[in-house]
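1. how would this look folded up:
(one chain, ligands or ions: 2)
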Amino acid sequence: MDIKYMHRALRLAKRGAGYTNPNPLVGAVLVRDDRIIGEGYHEAYGANHAEINAILHATEEVSGADLYVTLEPCSHYGKTPPCAQTILEKGIKRVIVAAEDPNPLVSGRGIAMLRENGVEVITGVLEKESRKLNEIFFKYITTGKPFCILKAAMSLDGKIATRTGDSQWITGECARRQVHLLRHRVACVMTGIGTVLSDDPQLTTRLPDKKGKDAVRVIVDSSARIPLSAKVLNVDSDAPAIVAVTEKAQDKKIRELERMGAKVICMPQTGNGVDLAFLMKKLGEEGLDSVLLEGGSTLNESALRQGIVDKVNFFIGPILIGGDTAKTAVGGRGVASLKDAYRLRNLCTQFFGRGIMIEGYLGTG
Ligand code: AOF
Ligand code: ZN
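-> Ligands and ions are numbered 1, 2, ... in the order given. Prediction:
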């Protein structure tokens, strides 16, 4: 029973995807006598927390009911009063929690507050699923750095383009739609100047029925070579563009970019190129909790080498391209010895049309 209602709460939580950043996705279900009497989710950043929406939508008195919630109820005064307090006031008798809130302002205090006041609290129900749903929130709230997903579309032999640079389209419609869902989900979409010059992408979210929100477009461009006519700077979007440059960029060009409404961030130059870890920190300070890296082979390799990538989503189309000079998903110098290879864990695969997506996590966390 606990699992059934928590599954429902997780499904509700997902409806907030793309709208709650940098806050978590949370769902809540109120149950009495094996009947749902109220449900809700966190719909948008700054709006009611999930528990409050479930209470507000309840079709009957909630006192004595059970509350299933995918994240520990909060105990702090933030944009809204503490949910744990409302739960106590409403006389809810049992609270079933999927995952403890990693927010240092809460982390266990919500559960403690409920228990101290006589509410039965059960924890860890579908915890893994809840943590995965909020992997962005868990990283961002504990480190202040965005969760970074490296996405690449490639042939079965690992090429992201032919030797002439032709890359449209290696994967099918189904996989491309999934990429647009990812763009909707994250705070930023990031690419390099090489991709802007060769493909002139828009990096906006284009889902059927004009659904979805645009992410902030981030262009890594150390010398500020981006043409003022580039689509990423000119698309009609509520989300701004950020151009990440180094001191190599000319002041005049920086001013021109700023006049067009772009934000310019100046990154330090490191021995190996631009300091992407610094850029991640800066984006985090802007409240941006996640980055979908849609770079070319050079940027992908730098990102991996500098340790900013949390997971990869490799979309593989059922074609073979070949060619010694055709670019692969991860370029640069690469590692010399297999012991230095980037190893992925928690692998999973998914089919998209005739293509396949492989997901894997980096790091040891
Ligand atoms: C949410 N939605 O459903 C729950 C949250 O910025 P505030 O005041 O809305 O508080 C955000 C914190 O509240 C968030 O970091 C998390 O720790 C806790 N729980 N947040 O936005 C919710 N349950
Ligand atoms: Zn709350």
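2. CA only for contacts and neighbour counts going forward, please
-> Will do.
3. residue ranges with poor pLDDT in the stretch 201-350 of the chain?
-> Low-confidence segments of the stretch 201-350 of the chain (pLDDT under 70): 272.
4. so where do the helices sit in it?
-> Here the stretch 201-350 of the chain has its helices, by DSSP state H, counting those that start in this stretch, at 231-234, 251-259, 276-285, 297-305.
5. for ligand 2, find the nearest of these.
-> helix 276-285 (22.4 Å; C-alpha to the ion).
6. just give the nearest non-adjacent residue to the closest residue to ligand 2 within the stretch 101-250 of the chain, would you?
-> Going by C-alpha to the ion, ligand 2 is nearest to residue 110 of the stretch 101-250 of the chain, at 8.9 Å. Nearest residue to residue 110 in three dimensions, chain neighbours excluded: residue 75, at 4.6 Å (C-alpha to C-alpha, 6 or more residues apart in numbering).
7. against ligand 1, how distant is residue 163?
-> 47 Å (C-alpha to the nearest ligand atom, to the nearest Å).
8. also residue 175?
-> For residue 175, the distance to ligand 1 equals 30 Å [C-alpha to the nearest ligand atom].
9. where do the helices sit along the stretch 51-200 of the chain?
-> Counting by DSSP H, counting those that start in this stretch, the stretch 51-200 of the chain has these helices, from start to end: 83-89, 109-116, 127-133, 135-143, 173-185, 193-199.
10. tabulate the CA atom coordinates of the longest one in PDB.
-> Translated: helix 173-185. The C-alpha trace of helix 173-185 is given here as PDB (Å, rounded to 0.1, in the frame of the first residue of the first chain):
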ATOM      1  CA  GLU A 173      12.400  12.300 -34.300                       C
ATOM      2  CA  CYS A 174      11.700  10.400 -31.100                       C
ATOM      3  CA  ALA A 175      15.200  11.000 -29.700                       C
ATOM      4  CA  ARG A 176      15.100  14.600 -30.700                       C
ATOM      5  CA  ARG A 177      11.800  15.100 -28.900                       C
ATOM      6  CA  GLN A 178      13.400  13.600 -25.700                       C
ATOM      7  CA  VAL A 179      16.200  16.200 -26.000                       C
ATOM      8  CA  HIS A 180      13.600  19.000 -26.100                       C
ATOM      9  CA  LEU A 181      12.100  17.500 -23.000                       C
ATOM     10  CA  LEU A 182      15.500  17.600 -21.400                       C
ATOM     11  CA  ARG A 183      15.900  21.300 -22.400                       C
ATOM     12  CA  HIS A 184      12.600  22.000 -20.700                       C
ATOM     13  CA  ARG A 185      13.700  20.200 -17.600                       C
END
